[in-house]
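In: Based on what follows, work out the 3D shape:
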Amino acid sequence: MSKKGKDQKDGLDIKDLSRRNLLKAGAAAGVSVALGGPAAAHADERHGGKSHDRGKSRERELTLVNGRIHTMDDRNSVVSSVTIRNGRFASVGGWGGNSGGKGEVIDLRGRTAVPGLIESHTHFVSLANRPGYHVADWELASSIGEVQAMLAARRQGVPPGQFITAMGAGTPRMFAELRLPTLAEIDAAVPDRPVFLYQGGGGPARTNTLGKQFFESLVDFPVVVGADGSMVNAGGVNNANRALYHLRIRQTFEDKKRSALDAMAFSASVGITAVLDQTLVAVATGTLDPASLDPQPTHALFNLNHYRMYDAWLALHAEDRTLIRLQINFLHNQGFIPELGPEIEKQLPELRERLKNQFQFFGDDMLRTGAIGEWAAPFATPATNANGYAVWLEAQRLCAKARWRNENAQGGSPTSTDNIEQVVATYEAMDAEFGIKELRWGLQHADFATPGQLQRLKALNCAVSMSGFRWLNGVPRADGLPLGPLFPQILASGIPAGMHEDGVHIAPHNPWFALHYATTGLNVLGQQINPGQQISRAQALYAYTRGNSWYLNREDDLGSIEKGKLGDLVVLDRDYFSASDAEMRRIRPILTVVDGEVVHDSGVLRRDRRHD
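Out: From the prediction side, this is the model:
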C-alpha cells in the first residue's frame, strides 16, 4: 500500500471524541522516605500515580493521532498516527479506531514524536541508589537560581529531618556561576530541611545549615564543613565522600526502592526509555565476599556493592512497577592482584565465576542481563604495566572462549591512537583464535579511531558507541584540532554506531545535551571544541535510537516505530528537526510511552481514557 493510502485515515479530527483528563498526581503506596519515614509520592506523581500492569491478562491499547511521528524506519517515514496494543506497535500510519472502542486515544495536536531514546553507555544504577530525596532534575539547571527553585520544589512532602540531595551529573561548569550554591543560598531555598549537594564522582560538595549541624555532630568518621557549607579534601580525607557515607549507611531498602523509582521517572522525563547500564567501578579486592563491598567512608559516588546494587530495581520489577527498560552489563575491575599469586590462572576470580555462572541476555522485555562492559579488566599496556596487561589480555581470552559479548572503553587523541590500536589488534587475535564475529564485540568512546581501525572493527562485526559528554568539561585546543569523536568519519565508515552521554558522574543523563554537542560541537560555555566534526540531527537521533539498539542486541525490538516492535516513543515539546540550536538543547518530552504505557506526562495534552 502507498504511504498516502496507509495514512488516509490518519489525520482525522478527533476533537468531537469524548475525553476526560487524567489525574496527574496520586499517593504512592508502600514507598518510604529516605533515612526512614512515611510514604512519599515523588516518582509516582510524575507518571500519574499509575503502575504498569503488563502481567495482567486484559487487552491494553493506546492510540496517538494527529502528530508528526518520525518512525526512523528504513524509509524515514513520518506518519500521523500509531496504535500500540499489548505493548507492541500494532498499526503505524493507518488508524481505523480503537478495537471495540476501548483503550486510550491521545491527540498530539501536531506535535513531533520520535522513538524512545536508548542510552548505550550509562552508570544509571548509581542514580537509582541515591540516598535522600534526590533532585535528579538539577542537571537541567543552568544557574544557581534554577537549582534553588528545584530544591524548593522538592521540599514539598519531605518529612522533617530528612535530607534533600542532588548528586553526580558532572561539574559546577553546568551552572552560569561556575560553582555550587553556598550554604546561605541553599538555606534561602530550603531553610527547614537538611540539604546535601555533591557533584561528579568525588565532589565538590555543599550543605546548608541543618546539614552542617548533622554532619558536625557525627563522632565516627567526622565530616569537616566550611562556613560556606563546603566539604573539601583536608588531611588526606575526602569530606564529601565521608558525608556521602553517612547518608548511605542510613538508607533502608524501601528508601532505595523509592530512589530507583525517582531515577526511572527522571529518565522518562528526558525521553530515555531504555538504558544499557555499565554498572559501576567496583573496589578491586581479591575476595568474592559481597560484605567486603559495603559502604565505606572512602567510597566515592561511583562505588557501590556491585553484587547488591540492583536489588531494589529487581524488587520493583517483581512488583511490576518499573517504568523504563534496563539491560545490565557487567564491569569487572580486577586487575593484577599480587595477593592472588603470579599465575595467570589465579587472577580474575570474579570474571571467571561470572562467565561460568551467569546468563547473558537473560530476562524479559523490561529487565535483562547484557554482557561484559565497559571492560572485563582494567586497560593496561605492556610497556607501562606488564602484569596489568597480561591480566587484561587474559580477560579478553576468557570472554572469547566463553562465547560472551565483550566491550572495551578506549579513546584516542589527535596525536595518538595507540590504545585503540591495542584493542583492535587484540580483537583480531581473539577472532583468529576463537572466532568472535558472531559475538558482536564493541568499542566504547572511540574518539579519534582512524578509518583503518574502524574498517578492521567492522570486519569483525564490532560496533562503536560514540561519546557525547565532551561538551561539559571540554575547552578549545590551542592548536585548533577537534576535541571529541570524529562523528562524520565514524558514520562514513559504515560501522554500526550508537551514541551515549556516559552519565551520571562525569556527565548528566539528559540525552539532548549529547545530541546538541554532536550536531554543533559546542561546549557548555558555547565554545567550539569539535570543529568540523558535526553530524546532522537525523544522524544523531538515529545513533541514539536504532544505532543504540544494536548495542543492546535488540534491533528487532527497539529503536524505531514499526509494526511488531516494542511500543516506546517520546512526544516532544518542540520540533527537534527545525528548532534552533539553542532551543534543540532545551527539548523536553511532554509525553513518554514505554511498553504502550504513559510513564511521563507533563500535562500539556488532554487525554481520553476509555478502559477504566
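
In: can you give me the helices for the stretch 501-612 of the chain?
Out: For the stretch 501-612 of the chain, the helices defined by DSSP state H, counting those that start in this stretch cover 511-520, 537-542, 548-551, 581-585.

In: Out of those, which is the most enclosed?
Out: Comparing these by mean neighbour count (mean count of other C-beta atoms under 10 Å), helix 548-551 comes out on top with a mean of 26. Using the backbone N, CA and C atoms, a C-beta is placed for each residue, glycine as well.

In: which residues are in contact with it?
Out: 117-120, 276, 440, 442, 463, 465, 496, 498-500, 555, 557-560 (C-beta atoms under 8 Å, 6 or more residues apart in numbering).

In: How far does it sit from its chain's centre?
Out: 14 Å (C-alpha atoms, centre = their mean, to the nearest Å).

In: again, but for stretch 287-307
Out: Distance, centroid of stretch 287-307 to centroid of chain: 21 Å (C-alpha atoms, centre = their mean).

In: Contacts made by it with the rest, please.
Out: By C-beta under 8 Å, 6+ apart, stretch 287-307 touches 123, 125-126, 129, 167-168, 198, 200-202, 221, 238, 241-242, 244-245, 248-249, 279-283, 285, 308, 331, 349-350, 353, 505.

In: picking that back up, may I see the helices of the stretch 501-612 of the chain arranged in JSON lines, with mean pLDDT and distance to Val135 as well?
Out: Below are those laid out as JSON lines (pLDDT from 0 to 100; distance: least, C-beta to C-beta, whole Å):
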{"stretch": "helix 511-520", "mean pLDDT": "98", "distance to Val135": "18"}
{"stretch": "helix 537-542", "mean pLDDT": "98", "distance to Val135": "28"}
{"stretch": "helix 548-551", "mean pLDDT": "94", "distance to Val135": "27"}
{"stretch": "helix 581-585", "mean pLDDT": "97", "distance to Val135": "20"}
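
In: For Gly567, which of those helices is the nearest?
Out: Minimum separation from Gly567 across those (C-beta to C-beta) falls at helix 548-551, 14.3 Å.

In: Render the CA-only coordinates of that closest one in PDB, please.
Out: Extracted as PDB, the C-alpha positions of helix 548-551 are listed here (Å, rounded to 0.1, in the frame of the first residue of the first chain):
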ATOM      1  CA  ASN A 548      22.000   2.100  20.200                       C
ATOM      2  CA  SER A 549      19.500  -0.800  19.700                       C
ATOM      3  CA  TRP A 550      22.400  -2.700  18.100                       C
ATOM      4  CA  TYR A 551      24.300  -2.300  21.300                       C
END
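
In: Mind giving me the ChimeraX command for buried ones among the contacts of stretch 287-307?
Out: Command for ChimeraX that selects the buried part of the contacts of stretch 287-307, burial taken from 16 or more other C-beta atoms under 10 Å:
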select :123,125,126,129,167,168,198,200,201,202,221,238,241,242,244,245,248,279,280,281,282,283,331,350,505
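
In: The contacts of stretch 287-307 in helices, which ones?
Out: Using DSSP state H, the subset of those located in helices is 125-126, 241-242, 244-245, 248, 349-350, 353.

In: which of those residues sit farthest apart?
Out: The span of the ones in helices among the contacts of stretch 287-307, defined through C-beta to C-beta, is set by Arg242 and Glu353 at 32.2 Å.

In: and Ile84, which of the three is it?
Out: strand (DSSP: H, G, I helix; E, B strand; the rest coil).

In: ok, it touching Gly596?
Out: Yes: if you go by C-beta atoms under 8 Å, Ile84 and Gly596 touch, sitting 3.8 Å apart.

In: Please enumerate the shared neighbours of those two.
Out: 61-62, 567.

In: just the strands in the stretch 51-200 of the chain please.
Out: 61-65, 68-70, 78-79, 82-85, 88-92, 104-107, 112-115, 117-122, 133-134, 164-167, 195-198 (DSSP state E, counting those that start in this stretch).

In: Compare the ones you listed and give me the one nearest Trp392.
Out: Using C-beta to C-beta, the strands of the stretch 51-200 of the chain put strand 117-122 closest to Trp392, at 19.3 Å.

In: Packing partners of that closest one?
Out: If you count contacts as 3 or more C-beta pairs under 8 Å, 6 or more residues apart in numbering; DSSP states H and E, strand 117-122 packs onto strand 272-277, strand 463-467, strand 497-500, helix 548-551.

In: For that strand, which strands pair with it and how are they oriented?
Out: Strand pairing for strand 117-122, determined by DSSP bridges: strand 272-277 (parallel).

In: can you tell me which residues contact Val270?
Out: Per C-beta under 8 Å, 6+ apart, neighbours of Val270: 140, 509-512, 588-589.

In: of all those residues, which comes closest to Ala446?
Out: The closest of the contacts of Val270, once distances to Ala446 are taken by C-beta to C-beta, is Pro511, at 18.0 Å.
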